[in-house]
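A.B. asks: Just need the structure, nothing else, for what follows:
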Amino acid sequence: MKTQPLREDKHCLNCGTEVPERYCTHCGQENAVPHESFGHLVKHFVGDVLHYDSQFLQTISYLLFRPGRLTKEYMAGRRVAFVNPIKLYIFVSFVFFLTWAMLSHDSHEKNEKRSAEKEAAAKQHEEDESQKIPSITGILGAVKDSLKNNKELARAVDSLAYRYRYDSARSHNAVAPVAAGSHDTAAARHTAAKAEEDDDLRLTDSEDDPRNKYGNEEAYDSAQAAMPKAQRDGWLKRYFTHKWMRLNPGDDRLQENLSESLKHHFPKMMFVLLPLFALWLKLIYNWKRWYYTDHAIFALHVHCFAYTVLLLAYILEKLTGVDGFIGWSVWLIFGYLVLALRNTYHQSFMRSFGKSLLLLFGYGISFAFVGVFFILIIFAVIL
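C.D. replies: The predicted model follows:
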């Protein structure tokens, strides 16, 4: 694109080196007139976009439909026609995590709205039932008064009134108070005893909570100081116990904050796992034939394929409302990994299959360790 006229001065504006032709032999800058026309800017923009698009389309084509071929081409030095693996990973992972976060946020809002509607409906139903109980029990009471002379019928009506109150209370997970004048039945005594037993069980389960056991941080520190040194909690447990005791037990935002923090740190966690994935490849393949950078390029390409397939599956689930696309995409990623290993490292299908299982096992171990590390960081920041 040589539409800009050359400068009469043959010295580079950037480094001062003499420029015999159009481009500086020292820094590579074009020795053209610095004042560009609008048409020249547009041509540069179109040229850069089309050049990137041609690279990107060919890269995606090789990545999706030719397992391992993109890595082989890059290792062989044929790189001009393809996007750099690091740039490709940054672009694909950015689109993946951004789209996933947006779609999951919409689903979270819909679930919250649906939960609020259910709670409102349940509350309205409870109010309606509570209004029904006095009216019906009042009618039954009037009938009982009119049948005072017939004690058997009066007892039957009274038992019916209590049974109605008891069934209505059970539908709301609580036993309705027995109205004055009603008989103390065995069912009422059994229900009250069961409720007391459940309360005792909940208290027993909550005894492990340091907030219930010690009350405050000062009491906890005093109890720790009174113990023998060998029986005291370690520094890490003491640290998180202090954090936990400062937490408000009724704070409903804790789970939301933890979820948001995990979403925020998940891309970082996956980026940390990339070199570990390459390290496992280094362990299971020939150390002398393959360099660590070769394994790193393979890891970048496999992760880009996984992100692309998972994103498409997630979008399909959202559009169709049918579950299962993500499950099938996981099997597709595993099959792609086997073929990519076979085509890149030139081994048999069975060897590639076995090493795929070994690689996933090691990757799972790395994922667990890195996940625990990030979760500890998140708890240390939030609590």
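A.B. asks: Where does pLDDT dip in the stretch 201-350 of the chain?
C.D. replies: 201-212, 215, 243-259 (pLDDT under 70).
A.B. asks: need the helices for it, in chain order.
C.D. replies: With helices called from DSSP state H, counting those that start in this stretch, the stretch 201-350 of the chain shows them at 210-213, 217-226, 235-246, 253-284, 292-320, 325-345, 349-382.
A.B. asks: would JSON lines of those with mean neighbour count and distance to residue 33 be doable?
C.D. replies: (C-beta placed from N, C-alpha, C; glycine too.) Listed next are the helices of the stretch 201-350 of the chain as JSON lines, based on neighbours: other Cβ atoms under 10 Å; distance: least, Cβ to Cβ, whole Å:
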{"stretch": "helix 210-213", "mean neighbour count": "15", "distance to residue 33": "74"}
{"stretch": "helix 217-226", "mean neighbour count": "13", "distance to residue 33": "72"}
{"stretch": "helix 235-246", "mean neighbour count": "14", "distance to residue 33": "64"}
{"stretch": "helix 253-284", "mean neighbour count": "15", "distance to residue 33": "43"}
{"stretch": "helix 292-320", "mean neighbour count": "19", "distance to residue 33": "41"}
{"stretch": "helix 325-345", "mean neighbour count": "18", "distance to residue 33": "48"}
{"stretch": "helix 349-382", "mean neighbour count": "14", "distance to residue 33": "53"}
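A.B. asks: got JSON lines for these, with distance to residue 6 too?
C.D. replies: Converted to JSON lines, these look like this (distance: least, Cβ to Cβ, whole Å):
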{"stretch": "helix 210-213", "distance to residue 6": "78"}
{"stretch": "helix 217-226", "distance to residue 6": "76"}
{"stretch": "helix 235-246", "distance to residue 6": "67"}
{"stretch": "helix 253-284", "distance to residue 6": "45"}
{"stretch": "helix 292-320", "distance to residue 6": "40"}
{"stretch": "helix 325-345", "distance to residue 6": "47"}
{"stretch": "helix 349-382", "distance to residue 6": "55"}
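A.B. asks: Any idea which of the ones you listed gets closest to residue 14?
C.D. replies: Closest to residue 14 of the helices of the stretch 201-350 of the chain is helix 292-320 (Cβ to Cβ; 31.7 Å).
A.B. asks: What is the closest one packed up against?
C.D. replies: The contact analysis (3 or more Cβ pairs under 8 Å, 6 or more residues apart in numbering; DSSP states H and E) places helix 292-320 against helix 38-65, helix 69-75, helix 85-146, helix 253-284, helix 325-345.
A.B. asks: returning to what we had before: which stretch among the helices of the stretch 201-350 of the chain comes nearest residue 68?
C.D. replies: Closest among those, using Cβ to Cβ: helix 325-345, at 3.3 Å.
A.B. asks: and the angle for the closest one with helix 349-382?
C.D. replies: For helix 325-345 against helix 349-382, the angle by axes from the mean of the first three to the mean of the last three Cα atoms, to 10 degrees is 120 degrees.
A.B. asks: For helix 325-345, C-alpha coordinates in PDB please.
C.D. replies: These are the backbone C-alpha positions of helix 325-345, laid out as PDB (Å, rounded to 0.1, in the frame of the first residue of the first chain):
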ATOM      1  CA  PHE A 325     -25.200 -30.400  24.900                       C
ATOM      2  CA  ILE A 326     -22.400 -29.600  27.400                       C
ATOM      3  CA  GLY A 327     -22.200 -33.300  28.300                       C
ATOM      4  CA  TRP A 328     -21.800 -34.300  24.700                       C
ATOM      5  CA  SER A 329     -19.300 -31.500  24.100                       C
ATOM      6  CA  VAL A 330     -17.100 -33.000  26.900                       C
ATOM      7  CA  TRP A 331     -16.900 -36.300  25.000                       C
ATOM      8  CA  LEU A 332     -16.200 -34.400  21.800                       C
ATOM      9  CA  ILE A 333     -13.300 -32.600  23.500                       C
ATOM     10  CA  PHE A 334     -11.900 -35.900  24.700                       C
ATOM     11  CA  GLY A 335     -12.100 -37.400  21.200                       C
ATOM     12  CA  TYR A 336     -10.400 -34.300  19.700                       C
ATOM     13  CA  LEU A 337      -7.600 -34.600  22.300                       C
ATOM     14  CA  VAL A 338      -6.900 -38.200  21.300                       C
ATOM     15  CA  LEU A 339      -6.800 -37.400  17.600                       C
ATOM     16  CA  ALA A 340      -4.700 -34.200  18.200                       C
ATOM     17  CA  LEU A 341      -2.100 -36.200  20.200                       C
ATOM     18  CA  ARG A 342      -2.000 -38.900  17.500                       C
ATOM     19  CA  ASN A 343      -1.500 -36.300  14.700                       C
ATOM     20  CA  THR A 344       1.000 -34.100  16.500                       C
ATOM     21  CA  TYR A 345       3.200 -36.600  18.300                       C
END
